[in-house]
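Undergrad: the following comprises the amino acid sequence and a computationally predicted model.
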Amino acid sequence: MRNNKICSLYSKFRKRHGLPVKFWPNWCAERKDKRLREIIAIGAILTQRTSWRNADLALENLQRENLLSLEKISKLKDLEKLTSLIKPAGFYQTKPKRLKTLASFIIDNYGNILNFKKEELTIARKKLLSLYGIGPETADTILLYALDKPAFIIDEYTKRLVKKEKLAKVFDYDFLKSLFGKNLPKDFRIYRDFHALIIIDLKGEQGSVMKRF
DNA sequence: ACCCAGGTGGCCC
DNA sequence: GGGCCACATGGG
């Protein structure tokens, strides 16, 4: 491990919280199947500016209606149905469109998420960012947790850590992303682990949603 | 009655 | 390029 402040924080959190971290994306990563990758991609949109609890209620609704699938969502004609199912996750006017945009992009261009996973990181990121409703954080969440790519996620908790530990003066997304990226081994497992640890350490609890999936 | 939760796009200047 | 703002739910 390189000797710097970010690495030290990682080591500190790692020791403090023990192994393994029971955080949903890590938990999910135990299973490598296509369905789980799809659920993570769908969940990444549903949880935008929304508690995981509420996003989880929407995921349950989709599962109940047999719509927890990129192919099903991409072929769905009735957007109203998505609107009602997604309601607990909030922003029900925009999230259905965002889900459909992502689902159609993957299904129409790649056939399934496993083929999209074969795309090179920078290309995949650029394409995700070009989609309606997918910004840097959602793109990196999908890359890191659904596609096993080393894309460090800068979310609200990461920014709080940066502020708390005075790691930087600016909070520009790409700047912070490269700051973490260059100071950690370029390994998606470490990025996931650190990201989970940051949230667990700052939040003081462990994510537990999505276990049923 | 507030405030918050693992953001994003559309404005405005 | 940065600074606001709307978007919407459920829980504390």
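TA: The structure has been received and is ready for your questions. Residues are numbered from 1 along each chain as shown, chains lettered A, B, ... in the order given.

Undergrad: poorly predicted segments of chain A, please.
TA: Per-residue confidence for chain A (pLDDT under 70) gives these ranges: A:1-3, A:20-32, A:205-213.

Undergrad: ranges for the strands of it?
TA: Assigned by DSSP state E, the strands in chain A number zero.

Undergrad: what parts of chain A come near DNA strand C?
TA: A:49-51, A:53-54, A:57, A:87-88, A:90-94, A:172 (Cβ under 7 Å from any atom of the strand). Using the backbone N, CA and C atoms, a C-beta is placed for each residue, glycine as well.

Undergrad: state the distance from the residue nearest in space to the middle of chain A to residue A:120.
TA: Nearest residue to the geometric centre of chain A (Cα atoms, centre = their mean): residue A:141, 2.7 Å. According to Cβ to Cβ, to the nearest Å, residue A:141 stands 18 Å off from residue A:120.

Undergrad: can you check residue A:88 too?
TA: Residue A:88 is 36 Å from residue A:120, by Cβ to Cβ.

Undergrad: what residues are up against whichever residue of chain A sits closest to DNA strand B?
TA: Here the residue of chain A nearest DNA strand B is residue A:135; by Cβ to the nearest atom of the strand that distance is 2.5 Å. By Cβ atoms under 8 Å, 6 or more residues apart in numbering, the contact set of residue A:135 is residue A:129.

Undergrad: restrict the residues of chain A next to DNA strand C to those near DNA strand B?
TA: A:49-51, A:54, A:90-91, A:94.

Undergrad: returning to what we had before: so residue A:88 and residue A:120 - more neighbours on which side?
TA: residue A:88 (18 against 9; other Cβ atoms under 10 Å).

Undergrad: pretty sure that one sits against residue A:52.
TA: No: under the criterion of Cβ atoms under 8 Å, residue A:88 makes no contact with residue A:52, lying 11.6 Å away.

Undergrad: picking up where we left off before, could I get the residues of chain A next to DNA strand C as TSV with distance to residue A:199?
TA: Below are the residues of chain A next to DNA strand C laid out as TSV (distance: Cβ to Cβ, whole Å):
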residue	distance to residue A:199
A:49	15
A:50	15
A:51	13
A:53	14
A:54	17
A:57	20
A:87	25
A:88	21
A:90	20
A:91	21
A:92	25
A:93	28
A:94	24
A:172	21
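
Undergrad: ramachandran coordinates for the residue lying closest to residue A:4 once chain neighbours are set aside?
TA: Of all residues not flanking residue A:4 in the chain, residue A:183 sits nearest, at 5.1 Å (Cβ to Cβ, 6 or more residues apart in numbering). When read as degrees, to the nearest 10, the backbone of residue A:183 gives phi -100, psi 10.
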